[in-house]
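generate a structure from the sequence data that follows.
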Amino acid sequence: MALTACGTETLSAESPPADWAPRMRAVAKAWEGSAALTAMQRGFHPLARFRTTVPPGGLRSAADRTAHLKGAYVVAGELPDTRPQPRATWPDGTTRKAATLTAREAVEFLGEGSNDPDGGHTLKVTGARLGTTEVATSRGPTRVPAWLFTVAGYDAPFTYPALAAPTFPDSPIAPLPRLYGADAAATGGPGSVTVEGRTLTVTVTHGSCTGPSAVKALESGDTVVLAVSVLPRKRPRGPDEGCDLALRHSRATVELARPVGDRILLEAQQGIPVQQSLD
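This is a model prediction of the structure:
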């Protein structure tokens with residue numbers, strides 16, 4: 001069992017325990033009243049990785065969509081070399097400092113890929129101006145400075161936060177040992193946990209011969225600890241139905257007693273915060 005926690009995917013293939021409850025309780029207890037919990041509650045900690053906001057109506061062609069998915073944005077004009085005020089602001093007026101990005105630095109993060117044009121079609125960034133955007137954090141929604149990029153062929157800007165991704169506090173509890181094997185399970189990558197009301201949906205990555213995936217939650221006043229697992233492997237029904245090395249994806253849901261709210265989502269194996277999907 002493993003969950004993707006703040007961008008790091010881990011596979012654990014040590015035989016999953018029959019009962020994750022003791023580990024979940026240990027994680028919740030370790031975080032209760034800890035310096036890490038205080039840092040998550042008071043600091044600037046986005047719940048998901050920053051994403052590029054494209055203009056209303058989306059991308060205009062298949063070539064542009066492919067370039068966006070690859071992160072194939074190139075600078076084709078003058079960009080400001082200034083940095084914005086390093087500050088995130090909450091509705092109650094509370095502010096926190098955060099590391100900033102110049103416009104040229106932020107271009108490297110546009111799109112969904114590795115910002116490698118690869119010799120193919122590119123999206124050309126011809127200018128930028130400062131604005132703001134809203135991101136979800138462990139303390140609720142906050143306004144942050146953002147770069148509004150002018151891209152050739154589009155009237156409306158492409159927006160990306162003008163902040164560097166912050167580091168997360170060290171967990172107050174050590175992770176469980178990690179192995180790799182047929183019964184390993186992991187979330188499907190960054191943003192694999194979706195929150196809708198009291199329902200959490202987790203995308204789980206596992207082997208080809210495992211049973212269905214499942215997720216459990218342990219709630220407390222300040223945290224929600226999640227543990228994912230897969231049911232025992234199914235035996236192939238015949239010689240033509242073997243277990244290959246390809247990974248499979250499935251979804252598992254769990255209903256909470258109340259909405260997550262400002263509680264911190266944690267995962268049981270590593271004992272660290274879970275990155276949500278904000279889509």
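
and the helices in this structure?
Ranges of helices in the chain, per DSSP state H, are 21-31, 35-42, 62-70, 103-107.

who touches the residue nearest to Ala217 when sequence neighbours are not counted in this structure?
Nearest residue to Ala217, sequence neighbours excluded (Cβ to Cβ, 6 or more residues apart in numbering): Val254, at 4.7 Å. The way it works is simple: take the backbone N, C-alpha and C, and place the C-beta from them, glycine included. Applying Cβ atoms under 8 Å, 6 or more residues apart in numbering to Val254 gives the contacts 199-200, 202, 215-217, 226.

do the same with Thr94
Counting by Cβ under 8 Å, 6+ apart, Thr94 has contacts Arg139.

that one and Arg42: what is the separation?
9 Å (Cβ to Cβ, to the nearest Å).

give me the common contacts of the two.
Arg139.

with mean pLDDT added, can I get the helices of the chain in JSON lines?
Shown next, in JSON lines, are the helices of the chain (pLDDT from 0 to 100):
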{"stretch": "helix 21-31", "mean pLDDT": "96"}
{"stretch": "helix 35-42", "mean pLDDT": "90"}
{"stretch": "helix 62-70", "mean pLDDT": "94"}
{"stretch": "helix 103-107", "mean pLDDT": "96"}
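
so for Ala152, which of these sits nearest?
helix 62-70 (10.2 Å; Cβ to Cβ).

so how far is the closest one off the chain centroid?
How far helix 62-70 lies from its chain's middle: 21 Å, per Cα atoms, centre = their mean, to the nearest Å.

what's that helix in contact with?
Helix 62-70 is contacted by residues 52, 54, 58-59, 72-73, 110-114, 116-118, 120-123, 153 when judged by Cβ under 8 Å, 6+ apart.

which ones among the residues you listed map onto strands?
Among the contacts of helix 62-70, the ones falling in strands (DSSP state E) are 73, 123.

give me the buried subset of the contacts of helix 62-70.
52, 54, 59, 72-73, 110-111, 113, 122-123 (16 or more other Cβ atoms under 10 Å).

looking at those residues, which is nearest Cys209?
Nearest to Cys209 out of the buried ones among the contacts of helix 62-70 is Gly113 (Cβ to Cβ; 31.5 Å).

what's that closest one in contact with, if anything?
The contact partners of Gly113, taken as Cβ under 8 Å, 6+ apart, are 69-72.

drop anything exposed from the residues you listed.
Using 16+ other Cβ under 10 Å as the burial test, those include 70-72 as buried.

give me the neighbour count for the nearest residue to Ala152 once chain neighbours are set aside.
Spatially, and ignoring its direct neighbours in sequence, Ala152 is nearest to Lys124 (4.2 Å; Cβ to Cβ, 6+ apart). By the measure other Cβ atoms under 10 Å, the count of residues near Lys124 is 15.

hey, what's Lys124 bridged with?
Under the criterion DSSP bridges, Lys124 forms beta bridges with Val74.

how close does it sit to Trp147?
According to Cβ to Cβ, Lys124 and Trp147 sit 15 Å apart.

swap in Pro157?
Where Trp147 is concerned, Pro157 sits at a distance of 9 Å (Cβ to Cβ).

next: Ala36.
From Ala36 over to Trp147 the distance is 31 Å, taken as Cβ to Cβ.
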